[in-house]
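Q: sequence and predicted structure below; questions after.
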Amino acid sequence: MNAFKLYCFISAACLALGETWFVVMTDKYPPLWLDDYLAAAAMLVSASLWQRSYGPALTFACWAFVFGNLYAMLFTRLEPINPPDRPWALLAILTLWAAISTGLALVHVIKRSKLEN
């Protein structure tokens, strides 16, 4: 099994578990957590389709979505008129992690496209 594929499976499971913990502990409004579960599910699907020609591109799209969600959450929490009520430091770490993972996924897309040409 490809190491990045396994990394995506584990990451998706951790995202879903972390979101579940956060929802239970904070009673988060459902529209704000539904997209996180959809992102984790899409990541699982994209990782399972890794061997297909579009698998890495789909994985890249999932990581980009996760990165965008975390980026939006982080900077919403840091807005000066809305004092941070959530762990912004953890969000900063997760946003950096998602940015790096998005970059790695892009590298895999480029590698795959070079192999197919």
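A: Structure received. It should be emphasised that the depicted structure is a prediction, and the values quoted were computed from it without experimental measurement.

Q: low pLDDT regions in the protein?
A: 1, 82-86, 117 (pLDDT under 70).

Q: show me which positions of the longest helix anywhere in the chain end up buried.
A: Longest helix in the chain by number of residues, with DSSP state H as the criterion: helix 88-116. Buried residues in helix 88-116, counting neighbours by 16 or more other Cβ atoms under 10 Å, are found at 88, 91, 94-95, 98-99, 101-102, 104-106, 108-109, 112. (Glycine included, C-beta is placed from N, CA and C.)

Q: tell me how far Asp27 lies from Arg112.
A: 42 Å (Cβ to Cβ, to the nearest Å).

Q: again, but for Thr95
A: Counting by Cβ to Cβ, the gap from Thr95 to Arg112 is 26 Å.

Q: find the residue at the geometric middle of the protein.
A: In the chain, the residue lying closest to the centroid (Cα atoms, centre = their mean) is Val66, at 3.1 Å.

Q: isn't it right up against Ala99?
A: No - taking contacts as Cβ atoms under 8 Å, Val66 lies outside contact range of Ala99: 9.8 Å.

Q: related to what we said a few turns ago, got the contact list for the residue nearest to the centre of the chain?
A: Contacts for Val66 (Cβ atoms under 8 Å, 6 or more residues apart in numbering) come out as Leu15, Ala39, Met43, Ala98, Ser101, Thr102.

Q: again, but for Ala92
A: Leu74.

Q: kindly report the same for the one 3 residues further on.
A: For Thr95, the set of contacting residues under the criterion of Cβ under 8 Å, 6+ apart consists of Phe67, Leu70, Tyr71, Met73, Leu74.
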